[in-house]
Every structure is written in structure tokens, then in C-alpha cells.
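[1] Quick one: sequence and predicted model below, then my questions.
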Amino acid sequence: MLKDITLGQYFPGNSIAHRLDPRTKILLVVLYIISLFTARGLVSYALIAAVLAVCIKVSHVGLRPMLKGMKPVLFIMVFTGLLNLFFTPGERYLIEWGALRVSDTGIKNAVFMVFRIMMLIMGTFLMTYTTSPIRLTDGLEALMNPLKKIKVPVHELAMMMAIALRFIPTLIEETDKIMSAQKARGADFESGNIFQKAKALVPVLVPLFVSAFRRADELATAMECRCYAGGEGRTKLHVLKYAGKDYIALACGIILLSGIITLRKLGI
Amino acid sequence: MKPILEVKHLTHTYSAGTPFQRSAVEDMDFAVNEGEFLGIIGHTGSGKSTLIQHLNGLLKPTEGQILLRGKDIWEEPKKIREVRFKVGLVFQYPEYQLFEETVYKDIAYGPTNMGMTGDALDHAVREAARLVGLRDDQLEKSPFELSGGQKRRVALAGVLAMEPDVLVLDEPTAGLDPAGRENLMANIRDYHRNKGKTIVLVSHSMDEIAQNVDRILVLKSAHVLMQGTPEEVFARGEELITAGLDVPQVTRIAMALQRRGLPVDPAVYTVEALEQQLQQLRKGGTVC
């Protein structure tokens, strides 16, 4: 069912990965992604994979939700893999089948590409699995704060994001409920061609939009009732503070990146 | 009495294999008899909503079976839609499922999905609208123009129009004012009396249940706590209260009188029955 979508869902816990400052985690993910795209050789990939494995282990999230989260992007992974496999020019061709040719570099690229996407997703998911959406937006807001100087509406963006994140589960639940109600009246979402399927969604989308607008309206009123007037002079309930573990974690991230850069220079 | 629906060892587990795993329904066993008015009562989180979504095949049992007229509803998963036409389910706050341009079209959605057309369709829609007390001129309005209570009637008519053998209602009166509540319950009672169809009513108002149903099923934390006629269930009033559930106000008064030494039978749930007992007591007779 829809509820099973785990894309970016938060798994409550109290591991070290959960307790890190959200800013640290965002910066770590950035460092991790740069490392991933800098990596060239097998050794580099193995190193990053090992770091990822350790992070997953200490986060207590478990491998299953990680792999489950991969499902929605499976298509992209297979697609990229196949493109790389068949359309990379190389020195030697192992299989030639009309326009489709598999070269040795092709195989290498395909494998690396698929691993890169997989690790990219797992790394970012690890962050969203261990950070509640509220803390994540708090972290993003704090990191983007300097942009206020050039008139970027950082607070408003963060607030919008927080609201959007807050309402994703609500809207999913609502969709689920409306779909069930229409199924109880004999709606059929599974069979038929693409046009019939699209048409079958009208009885779900209309009530969903109506209720989304109603919710937005109610939320705006509720916020105004509590004197919300933008970010100016607003204080936070949970003030973000760096602790010793955050500095250590950041140091680890920088070491990883420099290590990968060195390995790239060496060509492995 | 012949059972129309049988629930056998039903268990449903949500999010199996994740940290969120929990059983909303565990090893439930009961039957709904042909033509009866069954009430299901229980706290929020007692598994009521999960249970009723099994009755028409919206949820698939993790374990156990649902039999409709003796046949497992999941025997042919392809034909589950037919089950949904036979067991009509009206969700909580059903007014949020309305989507059509006119009330008429919205009520016709279910029967159209069944393949009804022409005069049969028109008849089913008008009959359902009549049963819930909608006027003819309201049928051409947009459902979004109606008041909350009227929207709910439209949603109820949308399910009644499919002429289901069993009608399952999840808190049909939640959020209505007392007059609207009584009005809607009267419509449902009339429907039950005139059509003789089976009704399952889920509610957490003991008074509403006591006044309407033939038999009660009490749920507590995913299990069936007790089942029986209102007399049988309310005779165990103390037990209901320890379980954190309510008893009808009249039963509470009778229980209080009994505690103060009056020889009344606390298994009453209508004002008339208690009045009769008290009248007899005044005359000096004994009750029970």
C-alpha cells in the first residue's frame, strides 16, 4: 500500500547517528557525495563502501529499510546500468550484436555507475532515516543563514519545507483513506489501459485537492492565531549546538574526502 | 439464524518486519447473522477500523479468513470487487470522498461501477437518496454546496445505492449535532426495518449502540472482549468499566442504585425498562 513508501522516512532511535547535529549530518552527506563522485578506482569505491557500511551499522537502522528504499529508483539504476553497458566505446568489444556493443570499459562503467547510484541513495537515506524532518529543516536553515545577506528568504524557504515535510504523511494517509473509500464503492485502480487508469484517479484527486486546500487554509489561520509573522525575531525551542562528536564526525568526513582525492591522484 | 459473514481467527499485522510492527487485530472470531443489527464497540486503537476493512476485502488478513455466505472472500482475489458490492462499507467522515459535479452523479458512482445503467440506475439512485432523506431538488446540486450533515447523507446514499446485502457503518454520526445524529440513526433504523438488510454499526457511543442494535461485539486492544445481546453485555457493566469502556447512562444509574442497596437489575439499557423496574419497586413488588 501507499503507507509502505519509505522514501525519506524517519526511523526514531538513539544511536550516535541519530544524536549528531543535523548540520553535521548535512555537511557529512555533502562530503560523502563529493567523495563518491571523485572516486575513480576500485580501492576508492571499496573505501567509501566500507565507510557507508560502518555508518549503517552504528545507526541501527538495519539493511532492510535501506534496500527497500531503493525500490523507487530501481528503474533509473537499471536504465543507467544498461546505457553504460551498451553505449560506452572501449578498446575491446566482448559482445557485438548489431548496434549494441559491450566493451570492457562499458562493463566497468556500468558496474561503477550502478554502485555509485546505490551508494548515493543509501548515504542520503541514512541521513533522512536518522534525522527527523524538523531537525533536518532546522539544520538546513542554519546552514543557509549566511544567504540572508543576499536577500534569500531562508526562513520562509525552511518554513515551507517544514510544512511540506509535515504534510507528506498526512496526505499519504488521506490518499490511502480516499482510495479505500472509493474502492469500497467499486473503483478499480489496477486494470485498464493508461487512460482508463488516469480517469480512475479522478475520484481520488478531486477530494484530495479539496482537502489539501482546506488544510492549507486551516493551517494559515492557526498560524496567524499564534501571531506568526515570519522569521524576524523568532527564537527556537531547540537551539542547535555543536558537540565534540560533531567535530570528530566532520573530521572523519574531511579525512575521507582527502583520502579519496589522494587515491584519485594515484589512479586507484 | 444463519450467519452471513464469518470472521475466523482473523489477525492483521501492520508494517511487519520494521520497528513499527504492531497487530491491530489478533485472533478475532465472530459471526454476523443474516438480517441482524450488530454493534461493534471499542476504544480508539482497539482495532475496529482495521477489522471492518477486512469485511469487504479492502485489507487482506495476515492470518485467518473472512467467509461471506460460507465462501472465503479471498478464494478468487480477482473477484474481490464483487464482495465490495455485497458488503457496503461507509467510512468515518465519508463526506470527504465526494467528488462529482452533482449529488446525483456522486451517488451513481458505485452502481455505475457495478455495471448498472438506464432505469435501474436511476431507480437505485433515487431510492438511496429517499432512504437518507435527500430531496429531489438537492440531487442536481454540487455536493460541495451542501452542509456537513447533508454531505454525509450523500456519501451514505452512495453506498446504499449499490444495494449491499451487508451495510457496514464506521461511526456514521461522528461530528454531527444531537438532532442530526438522531435523524441519521432514524434513517438507518428505517432502512434496517424496511429492507431487512444486515447492518454492522461501529461506534464508541454506548448509548447509540444500546438503542439500536440486536447484538453487541466489544473489542479491546485487538481482541474480542465480549459478545452478546445488549442485556448480556450490560449485565457485565462493571467489567466494561474496568476495561475502560462506557456503559449507557441508564445502566450507570441502575448500577449506582444497586450499589446503594436498591434491588434493581443493572442490566437495563433503556429509560423505559428502568422506569418499569422502579415503578414496580414503588408498588412494593420485587424485580427480577
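    Nice, I can see it. All values derive from a computational prediction rather than experimental measurement. Numbering: from 1, shown residues only, chains lettered A, B, ... in the order given.

[2] Now do whichever residue of the stretch 51-200 of chain A sits closest to chain B against B:Gly88, distance only.
    Going by Cβ to the nearest Cβ, chain B is nearest to A:Gly186 of the stretch 51-200 of chain A, at 3.2 Å. Placement of C-beta: from N, CA and C, glycine included. A:Gly186 sits 10 Å away from B:Gly88, going by Cβ to Cβ, to the nearest Å.

[3] okay, these two: which has more neighbours?
    The neighbour count for A:Gly186 versus B:Gly88, taken as other Cβ atoms under 10 Å in any protein chain shown, is higher for B:Gly88 (27 against 19).

[4] Pairing partners for the more buried one in the sheet, please.
    With DSSP bridges as the criterion, B:Gly88 is bridged to B:Leu167.

[5] is it true that A:Leu100 touches A:Leu83?
    No - the pair A:Leu100 / A:Leu83 is not scored as a contact, 11.0 Å apart, by Cβ atoms under 8 Å.

[6] Which one's more surrounded, those two?
    A:Leu83 (14 against 11).

[7] Going along the chain, name the helices of the stretch 51-200 of chain A.
    A:63-69, A:74-87, A:104-130, A:133-144, A:154-184, A:194-200 (DSSP state H, counting those that start in this stretch).

[8] got it, and the stretch 151-288 of chain B?
    Here the stretch 151-288 of chain B has its helices, by DSSP H, counting those that start in this stretch, at B:178-195, B:206-212, B:230-234, B:237-242, B:249-259, B:271-282.

[9] again, but for the stretch 1-150 of chain B
    Assigned helices in the stretch 1-150 of chain B, in chain order: B:48-55, B:80-86, B:103-114, B:118-131, B:148-160 (criterion: DSSP H, counting those that start in this stretch).

[10] Near chain B, which residues of the stretch 151-268 of chain A are found?
    Contacts of the stretch 151-268 of chain A with chain B, taken as Cβ under 8 Å from any Cβ of the partner chain, map to A:174, A:177-178, A:180-188, A:202-204, A:206-207, A:210-211.

[11] buried subset of the residues you listed?
    A:174, A:177-178, A:180-187, A:203-204, A:206-207, A:211 (16 or more other Cβ atoms under 10 Å in any protein chain shown).

[12] and these, which two are the farthest apart?
    Checked with Cβ to Cβ, those reach their widest spread between A:Gly186 and A:Ser211, with 21.8 Å between them.

[13] How about B:Ala24: what's its closest non-neighbour residue?
    Distance criterion Cβ to Cβ, 6 or more residues apart in numbering or on different chains; nearest residue to B:Ala24, sequence neighbours excluded, is B:Thr50 at 3.9 Å.

[14] hang on, isn't the one you found packed against B:Arg22?
    No - between B:Thr50 and B:Arg22 there is no contact under Cβ under 8 Å: 10.4 Å.

[15] what residues are up against the nearest residue to A:Thr80 once chain neighbours are set aside?
    Excluding the flanking residues, the one nearest A:Thr80 by Cβ to Cβ, 6+ apart is A:Met113, at 5.3 Å. Contacts here follow Cβ atoms under 8 Å, 6 or more residues apart in numbering or on different chains; on that basis A:Met113 touches A:Thr80, A:Gly81, A:Asn84.

[16] Same check on A:Asp104?
    A:Asp104 neighbours (Cβ under 8 Å, 6+ apart): A:Gly90, A:Glu91, A:Arg92, A:Leu94.

[17] As TSV, the helices of the stretch 151-288 of chain B with distance to chain A would be great.
    Below are the helices of the stretch 151-288 of chain B laid out as TSV (distance: least, Cβ to the nearest Cβ, whole Å):
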stretch	distance to chain A
helix B:178-195	17
helix B:206-212	22
helix B:230-234	28
helix B:237-242	30
helix B:249-259	32
helix B:271-282	36
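
[18] Make a markdown table from those helices and add mean neighbour count to it.
    Converted to a markdown table, these look like this (neighbours: other Cβ atoms under 10 Å in any protein chain shown):
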| stretch | mean neighbour count |
| --- | --- |
| helix B:178-195 | 15 |
| helix B:206-212 | 21 |
| helix B:230-234 | 20 |
| helix B:237-242 | 15 |
| helix B:249-259 | 17 |
| helix B:271-282 | 14 |
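
[19] can you redo the ones you listed as TSV with mean pLDDT?
    Putting those into TSV (pLDDT from 0 to 100) gives the following:
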stretch	mean pLDDT
helix B:178-195	90
helix B:206-212	86
helix B:230-234	87
helix B:237-242	83
helix B:249-259	87
helix B:271-282	86
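
[20] I'd like these laid out as TSV, including distance to B:Met116.
    Shown next, in TSV, are those (distance: least, Cβ to Cβ, whole Å):
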stretch	distance to B:Met116
helix B:178-195	17
helix B:206-212	30
helix B:230-234	37
helix B:237-242	43
helix B:249-259	44
helix B:271-282	43
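
[21] The nearest residue to B:Ile52 once chain neighbours are set aside and B:Val202, how far apart?
    Once flanking residues are discounted, B:Ile52 sits nearest to B:Val168: 5.2 Å by Cβ to Cβ, 6+ apart. B:Val168 sits at a distance of 7 Å from B:Val202 (criterion: Cβ to Cβ).

[22] Now do the shared contacts for these two.
    Each of B:Ile52 lies in contact with both B:Val168 and B:Val202 under the rule Cβ under 8 Å, 6+ apart.

[23] Burial check on whatever residue of the stretch 101-250 of chain B ends up closest to chain A, number of neighbours?
    Using Cβ to the nearest Cβ, the single residue of the stretch 101-250 of chain B nearest to chain A is B:Asn113, 3.2 Å away. A count of nearby residues for B:Asn113, using other Cβ under 10 Å, gives 20.

[24] Nearest residue to it in space, ignoring adjacent ones along the chain?
    Closest to B:Asn113 by Cβ to Cβ, 6+ apart is A:Gly186, at 3.2 Å.

[25] who are the neighbours in contact with the one you found?
    B:Arg81, B:Arg84, B:Phe85, B:Tyr109, B:Gly110, B:Asn113, B:Met114, B:Met162.

[26] now A:Glu224
    Shown in contact with A:Glu224 (Cβ under 8 Å, 6+ apart): no residues.

[27] try A:Asp188
    Here A:Asp188 is in contact with A:Ala200, B:Arg81, B:Asn113 (Cβ under 8 Å, 6+ apart).

[28] Thank you, goodbye.
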